[in-house]
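Colleague: sequence first, predicted model second:
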Amino acid sequence: MKHAKTATQNACKLCNPLGACLAFRGIENCVPFLHGSQGCATYIRRYLISHYKEPIDIASSNFHEESAVFGGSHNLQVGLKNVTEQYKPDVIGIATTCLTETIGDDVPLILRDYKKAHKNGSPMPIMIHASTPSYQGSHIDGFHAAVRATVKTLAEKGEEQNLINLFPNMVSPADLRYLKEIFREFEVPCMMLPDYSQTMDGGPWGEYHRIPPGGTPASAIVNAGSARASIEFGSTLEASKSAAGYLQEEFDVPRYQLSLPIGIKESDKFFSLLETLTGKKRAEKYEDERRRLIDAYADGHKYIFEKKVILYGEEDLVVAMTAFLSEIGMTPVLCASGGKSGLLKKRIMELVPNMEELGIKVREGVDFVDIEDEAKVLQPDFLIGNSKGYTMSRKNNIPMLRLGFPIHDRFGGQRMHHLGYRGTQELFDRIVNTVIEERQNASSIGYTYM
Amino acid sequence: MPGGSLIAKQHFIFKGVEAMEHIGILEGRQKQIFEKKSGVEQVDISCDTSSLSGSVSQRACVFCGSRVVLYPVADALHLVHGPIGCAAYTWDIRGAVSSGPELHRLSFSTDLQEMDVIYGGEKKLYHSLIELIEQYKPKAAFIYSTCIVGLIGDDIEAVCRKVAKETGIPVLPVHSEGFKGTKKDGYKAACLALMKLIGTGSIENISKQSINILGEFNLAGEAWLIKAYYEKMGIEVVATLTGDGRIDAVRRAHGATLNVVQCSGSMTWLAKEMEEKYGIPYIRVSYFGIEDMSKSLYDVAKHFPDHPEIMEAAKEVVSEEVKKLYPQLQKFKKALTGKKAAIYVGGAFKTFSLIKALRSIGMSVVLAGSQTGNKDDYARLKEMCDEGTVIVDDSNPVELSKFILEKEADLLIGGVKERPIAFKLGIGFCDHNHERKIPLAGFIGMYNFALEVYQSVMSPVWQFAPRKGGSL
């Protein structure tokens, strides 16, 4: 039964400040700081911890009733002072919330006042401010807003250097490590932002770290303005909202926008671009990875051909996954996102021109109840997306394959690869196994060879 | 059984700035930390205050408090009025289970957008309510206001009245704007909503030997365990607030003879209100650990002196359960004797019980704290703790870790935010917060608790931790 839907039910998105906090965790010695109520920081910490299994300190300006009436300037300044003293950070990444955006706190002005008042004190951390009102967009917008604000605050013009900026989008720590490895193999210096590969997936500690080791140093981000090029993953990310877009406009650093490199075609584009930019051939190990992947495609193709999938998640992930599924013969009968860029369908069509013929349907701005209603009609073989699809997966008895963020009901989401030949291989193996397991379980015979 | 009563009363020292300096306690936080030392005069711990700006508190907000209390009411619609975050982060996050409807496990939000913030969200709220009530047919609806709702001037009360009139179900505003106080204020806002329901149902046929269970949220079915004990004693449980909660039961709650309050932080206010309005007395209990669990049953039985059979039955329940449990615990006790624990949980009352429960399996407590304790709670905590125990109010990860390492704790008991701190430092962990999936209350809960502590503390994986000499 279809229902009128004003309210959002079982949201397929999170709020803007969450993305900003995650991005700020990818800067070395940086404390994310939420200007708003205590609850925002606590909820976001809890949510991130359940995926990354790492301690995550997010400071808060702890709004009270008076702050809402008289403005949050005092709270923000006291908070910055306390964080500076206790954490001794190089950077404080300040993200606003719906509360402070609604009362209209002028954060840049407050920061100027603060700097003036404390200019004779101990070294002042760099302060980055991202405007992330929760009533606009979703977590992915907050993520990009924080990355752009960081570059805007730090990047400087300089003599062009042999450096490539990489803005990888909201991917897993394992993906970030793989991307760094690729750049090392190409022997080209890379400024990747954010880099939470270690801060969100690190080793044991002998003592508590106020700020975990790892992340891109502020000093490296300064150089972003003099890089040869920026590579930015994310097909629905507009230049006006992106870090690479800012660097292109301000410092003429060419922006190369790619889809998240998932699948052979999109990974090829990424490696080819690196070859063009560096004038070097990719290392043999990546050729090997590619060969193995093609071989795996051949070995596994029959299990998955024309299997119907409902895909959901952040728009960029959905676009990239649609391209990948199309090249292996699967049909994403619904490509859904809680995000609402207005570009989702257009970008999918660019990568999969025959999408309509293949029966691919695209919907932006949906929640899990919308997706469930679609599922009842579309009868997919399985769902692909983050853990939040589990409620509908269980209720409707549709198997699901987990990827992206958040993974709250399985182990190791932070170590899951999605990108490049290696990530695609991992995804492909898991997809084939999902089908095989389903088949094996459904069989009354209990085949031991599948 | 060793318990708090056996510990000699000790005095305390305010540890002082100089001692705290090396771990970088924030200015204004010293008064929220104590270390118990003998022979020094007692100083009051400062608590019940808001968190300091810029600190990384383990606390939450007003909304969180309200949401926690009302969350388990399974046949009500819980609509969060505000931008998406508050609803998204509280979607199905607690282990509160229901024996029937599961409406509480869905997440509903008005998902306010920029235009709503400018022009107001009342219309969106109204339409959302009408549609959701039509679709899900709840017995009542709770409308949680979040931070910005007050600021944009939505008249929630008016919308709720209108919808209540049109749909014929109670539609209750919960004034839980995040910044308007602490989590405790959120508890109160939730209790206010409950008070509006209590007294609206028929109390015919309710036994005189009846109680309400307050502050029990049926995590992993704990309320069912507790209810079964009471029923074995011949006591009728009128309503559980709010574990496996039902609106109709809440409406009849004023028909009970006694309120039995667990989780003192969230429900004492409601118990007091009910005492004032309906003359129902209340007692405070805890269902964690053998000692406190048994005492709860006895205390309830004592309330019905004209029915000695109730006390008899209580004794029987306890003796039967303890007979089963005691031998099972010995394996754990043998392994855990001499191990040290740190406790950092929400309510102070839980901390008391945990100290006793840990002692009963041979463990000592080197750090005890809560997010929401009051002065009386901390005074009692001081009395219970051994010398050298650190006592904290509203702590943060830096502090917690320093004390845990300094005191060489083998175990941390806390919630999901504390878990990675323990694991990073190579210390065992027991999740004693609202996300747990295994019942830790009741007699069987004590077994589960001991088992979980044993499994985590005794695991060989810690041999690789840096604090045990493993490499970094």
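Modeller: Alright, I've got the coordinates. Please read all numbers here as calculations on a predicted model, not as lab measurements. Residues are numbered from 1 along each chain as shown, chains lettered A, B, ... in the order given.
Colleague: state the distance from A:D252 to chain B.
Modeller: As defined by C-beta to the nearest C-beta, to the nearest Å, A:D252 lies at a distance of 33 Å from chain B. From N, CA and C alone the C-beta is placed, and that goes for glycine too.
Colleague: neighbours around that residue, how many?
Modeller: Look at A:D252: counted by other C-beta atoms under 10 Å in any protein chain shown, it has 11 neighbours.
Colleague: so what's the backbone phi/psi at it?
Modeller: With angles defined as degrees, to the nearest 10, A:D252 sits at phi 60, psi 30.
Colleague: likewise A:N386?
Modeller: phi -80, psi 180.
Colleague: so it makes contact with A:L401?
Modeller: No. Checked against C-beta atoms under 8 Å, the pair A:N386 and A:L401 is beyond contact range at 10.5 Å.
Colleague: for these two, indicate the residue with more neighbours.
Modeller: A:N386 (22 against 18).
Colleague: residues contacting the residue with the shortest distance to the centre of chain A?
Modeller: What sits nearest the mean C-alpha location of chain A, by C-alpha atoms, centre = their mean, is A:M170, with 1.3 Å. By C-beta atoms under 8 Å, 6 or more residues apart in numbering or on different chains, the residues touching A:M170 are A:19, A:22-23, A:139-140, A:143, A:314, A:405.
Colleague: right, and the pair among those residues with maximum separation?
Modeller: A:A23 and A:E314 (13.3 Å; C-beta to C-beta).
Colleague: is it true that A:G203 touches B:L472?
Modeller: Yes. The criterion here is C-beta under 8 Å, and A:G203 meets it with B:L472 at 7.0 Å.
Colleague: which residues of the chain score low on pLDDT?
Modeller: No chain specified, so I'll use chain A. A:1-3 (pLDDT under 70).
Colleague: meant chain B, my bad for not saying
Modeller: B:1-34, B:36-51, B:57-58, B:264, B:372.
Colleague: tell me the domain boundaries of it?
Modeller: With domains defined by automatic domain parsing, chain B comprises B:9-55+B:327-468, B:62-197, B:210-319.
Colleague: could I get the ones you listed as TSV with distance to A:I182 and mean neighbour count?
Modeller: Conversion of the domains of chain B to TSV gives the following (distance: least, C-beta to C-beta, whole Å; neighbours: other C-beta atoms under 10 Å in any protein chain shown):
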stretch	distance to A:I182	mean neighbour count
domain B:9-55+B:327-468	29	20
domain B:62-197	34	22
domain B:210-319	45	21
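Colleague: reformat those domains as JSON lines; add distance to A:K307.
Modeller: Output for the domains of chain B, formatted as JSON lines (distance: least, C-beta to C-beta, whole Å):
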{"stretch": "domain B:9-55+B:327-468", "distance to A:K307": "32"}
{"stretch": "domain B:62-197", "distance to A:K307": "28"}
{"stretch": "domain B:210-319", "distance to A:K307": "37"}
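Colleague: save these as a markdown table, and put in distance to chain A too.
Modeller: Converted to a markdown table, those look like this (distance: least, C-beta to the nearest C-beta, whole Å):
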| stretch | distance to chain A |
| --- | --- |
| domain B:9-55+B:327-468 | 3 |
| domain B:62-197 | 3 |
| domain B:210-319 | 16 |
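Colleague: between those, which gets nearest to A:S131?
Modeller: Taking those one by one with C-beta to C-beta, domain B:62-197 is closest: 12.1 Å.
Colleague: endpoints of that closest one, how far apart?
Modeller: 21 Å (C-alpha to C-alpha, to the nearest Å).
Colleague: follow-up on the earlier one: more crowded one of A:G203 and B:L472?
Modeller: A:G203 (12 against 9).
Colleague: let me know how buried the residue of the stretch 101-250 of chain A found nearest chain B is, in neighbour terms.
Modeller: Across the stretch 101-250 of chain A, the shortest distance to chain B (C-beta to the nearest C-beta) belongs to A:Y208, at 3.2 Å. When neighbours are counted by other C-beta under 10 Å, A:Y208 registers 20.
Colleague: quick check: closest non-adjacent residue to it.
Modeller: Once flanking residues are discounted, A:Y208 sits nearest to B:S401: 3.2 Å by C-beta to C-beta, 6 or more residues apart in numbering or on different chains.
Colleague: so the one you found is in which element?
Modeller: For B:S401, the host element (DSSP states H and E) is helix B:397-406.
Colleague: do a quick rundown of the helices in the stretch 151-300 of chain B.
Modeller: Ranges of helices in the stretch 151-300 of chain B, per DSSP state H, counting those that start in this stretch, are B:156-167, B:183-197, B:222-232, B:247-251, B:264-278, B:290-302.
Colleague: and those as TSV, adding distance to B:D394?
Modeller: Formatted as TSV, the helices of the stretch 151-300 of chain B follow (distance: least, C-beta to C-beta, whole Å):
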stretch	distance to B:D394
helix B:156-167	30
helix B:183-197	10
helix B:222-232	26
helix B:247-251	31
helix B:264-278	13
helix B:290-302	24
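Colleague: which elements pack onto the helix or strand harbouring A:K115?
Modeller: If you go by DSSP H and E, A:K115 is part of helix A:107-117. If contacts are counted by 3 or more C-beta pairs under 8 Å, 6 or more residues apart in numbering or on different chains; DSSP states H and E, helix A:107-117 sits against helix A:73-87, strand A:91-96, strand A:126-130.
Colleague: pick the most buried one from the ones you listed.
Modeller: The highest average neighbour count among the helices and strands packed on helix A:107-117, using mean count of other C-beta atoms under 10 Å in any protein chain shown, belongs to strand A:91-96 at a mean of 28.
Colleague: just checking, next helix/strand downstream of that strand?
Modeller: Immediately after strand A:91-96, counting by DSSP H and E, sits helix A:98-103.
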